[in-house]
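**Student:** Structure for the following, please:
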Amino acid sequence: MCLAVLTMGLAGCTAAGSDGEARAESSVDDFCSAVETFHTEVEAADSTDLAAYIRTLKAAAEKLHDVGVPDDMPAPAKQGFELTVERIQGLADDATRSDFTDLGDVGEEDQRKLDALEAYVDQACPDVAGK
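**Tutor:** Reported below is the predicted structural model:
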């Protein structure tokens, strides 16, 4: 569930509590269901209306954030989840297509976190991973 996963289907989100750290409150099934819902909502959005698409993406990320992450999610994957949601929520409402495509532009360390998240989703949510 990397940023590309969240912004392009899951295309690559965060479950942060008030301290900014991922909450470990959901079951794997709840998490996978939330990821699938995220995919569905983002894929159904009209990407030709960028402002509406960004609103949909941010709302879907917030819902995913609210579900939280499973207790067994490894720390790097949790960090990737947090990074994903932060990047999506930080996208300006009036962002350009360039701003949107830059969502996945991260450094090497952050890319490892996103890769860890994607690997976790692939393993924990096989029905969602290929979407």
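**Student:** rest of the way, CA atoms for contacts and neighbours
**Tutor:** Noted.
**Student:** the bottom helix or strand of the protein by mean pLDDT?
**Tutor:** Lowest on mean pLDDT, DSSP states H and E among the helices and strands of the chain sits helix 3-5, with a mean of 46.
**Student:** I'd like to know which elements the helix or strand following that one is packed against.
**Tutor:** The helix or strand immediately downstream of helix 3-5 is helix 28-44, counting by DSSP states H and E. Packed against helix 28-44 by the contact rule (3 or more C-alpha pairs under 8 Å, 6 or more residues apart in numbering; DSSP states H and E) you find helix 50-67, helix 108-124, helix 126-129.
**Student:** Present those helices as CSV; the columns should include mean pLDDT, mean neighbour count and distance to I88.
**Tutor:** Putting the helices and strands packed on helix 28-44 into CSV (pLDDT from 0 to 100; neighbours: other C-alpha atoms under 10 Å; distance: least, C-alpha to C-alpha, whole Å) gives the following:
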stretch, mean pLDDT, mean neighbour count, distance to I88
helix 50-67, 94, 21, 6
helix 108-124, 95, 19, 13
helix 126-129, 81, 16, 20
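**Student:** Quick one: closest of those to M73.
**Tutor:** When those are compared by C-alpha to C-alpha, helix 108-124 sits nearest M73, at 7.2 Å.
**Student:** Check which helices and strands that closest one sits against.
**Tutor:** When contacts are defined as 3+ C-alpha pairs under 8 Å, 6+ apart, helix 108-124 packs onto helix 28-44, helix 75-89, helix 126-129.
**Student:** deepest of the ones you listed, which one?
**Tutor:** helix 75-89 (a mean of 24; mean count of other C-alpha atoms under 10 Å).
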